[in-house]
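S.K.: this is a predicted model, with the sequence first.
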Amino acid sequence: MGGDPERVAVVVVTFNSVDVVPGLLASLPAGMGSLSWTLVVVDNGSSDDTVDVVRSIAPYATVIRSDTNGGYAAGINLGVAHAGDCTAVLVLNPDVRLERDCVPELVTALGRTGAGIVVPRLDDAHGRLLWSRRREPTLRRALADTVLGAERAGRIADLGEVITDPGAYGDELPTDWAEGSTQLISAQCWAAVGPWDESYFLYSEETDFALRARDAGYATYFVPTARAVHLQGGSARNPALWQLLVVNRLRLFSRRHGTVATACFWAVLVARETSRATLGKRTSRAALRALTSPRYLRQVAGPHSIAPSTAATRPARER
């Protein structure tokens, strides 16, 4: 990638998104402001009218029907491969709504901070702040989340993985990684770090990319003056999605740490999901079955791992 100043390639991955993608498309002109931009929509095998709706509302878009359901990261990579020359890539979920001049604010911050990835403030459909900033997964943080709960641990400086202190969302700050529904990535960062890791299928792919970017010298920055709405998905309520989210956290950790540390991390995850399963949470029972199944842990993540109805799109992360 490369190209003229401030040319942004917008990449959207859809799957049975007919109910939400019109709102995203409607928000793009105001959200992109005066920037030069192109739109690439990659459809992961929708069985509804998503593709027809996109072509009707946005005839200027490049629409790609993926031959195989490779997951969210594969959709992003395919979209970037068809994006042409650009200075940055904007990755969007179909249930995002950009607020006015969101992306120009991100572009400005990208140049000002020297970051490789910048993300906006996200609110939910009711106008409530989403905890979108994250710290790198560590054994200490996993233990704190297990003992204290993610929200309580996240309010203590540098302790929880999810940053839940409202005061941490008022200033432009670096963050280890951020929720992946709305991310602006510089062309230089993409070229240096390479594509998103498709082996995750869903969940942890943006964590992996941001941490690899940081390893290569490209920070992620949170930009509160850029605003967007994320309607959110249901990973916290869907057993199949939750078990994949939990197991992919283990996969990510294992790829960055040794055997002993990974075994300890696994034990903490088992303890957390066991404690919640005893309270009757179906999602935790599913995660516990996966964590204690050598066969599940060995298999590559993919559509076989989760329910077909939710296999090809990436709902919001809810913890």
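M.R.: Ah, there it is.
S.K.: buried residues in stretch 103-123?
M.R.: 103-110, 113, 115-123 (16 or more other Cβ atoms under 10 Å). To be clear about C-beta, it is placed using only N, CA and C from the backbone, and glycine gets the same treatment.
S.K.: what of stretch 275-289?
M.R.: Across stretch 275-289, burial judged by 16+ other Cβ under 10 Å covers 276-277, 281, 283-288.
S.K.: which of the buried residues of stretch 103-123 fall in strands?
M.R.: 117-123 (DSSP state E).
S.K.: what mean pLDDT does stretch 294-306 get?
M.R.: Per-residue pLDDT over stretch 294-306 has a mean of 72.
S.K.: also stretch 146-155?
M.R.: On average, the pLDDT along stretch 146-155 is 92.
S.K.: check stretch 174-181 too.
M.R.: Stretch 174-181 shows a mean pLDDT of 95.
S.K.: so that it lines up with my notes, have the first residue be 46 from now on.
M.R.: Done: numbering now begins at 46, and the last item shifts to stretch 219-226.
S.K.: hang on, isn't Tyr245 packed against Ile121?
M.R.: No. Counting by Cβ atoms under 8 Å, Tyr245 does not reach Ile121; the two are 11.5 Å apart.
S.K.: can I get the buried residues of stretch 320-334 in CSV with pLDDT?
M.R.: Below are these laid out as CSV (pLDDT from 0 to 100):
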residue, pLDDT
Arg321, 92
Ala322, 94
Lys326, 92
Thr328, 94
Ser329, 94
Arg330, 95
Ala331, 94
Ala332, 94
Leu333, 94
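S.K.: buried sites along the helix or strand in which Leu188 is found?
M.R.: Leu188 belongs to helix 184-193 when assigned by DSSP states H and E. By neighbour count on 16+ other Cβ under 10 Å, the buried set for helix 184-193 is 186-191.
S.K.: out of these, which one sits closest to Gly215?
M.R.: Proximity of the buried residues of helix 184-193 to Gly215 (Cβ to Cβ) peaks at Arg186, which lies at 22.5 Å.
S.K.: verify the stated contact: the closest one with Leu204.
M.R.: Yes. If you go by Cβ under 8 Å, Arg186 and Leu204 touch, sitting 6.5 Å apart.
S.K.: got any residues that touch both of these two?
M.R.: Ala198 (Cβ atoms under 8 Å, 6 or more residues apart in numbering).
S.K.: rewinding a little: identify the farthest-apart pair in the buried residues of stretch 320-334.
M.R.: Farthest pair in the buried residues of stretch 320-334, by Cβ to Cβ: Arg321 and Ala331, 11.0 Å.
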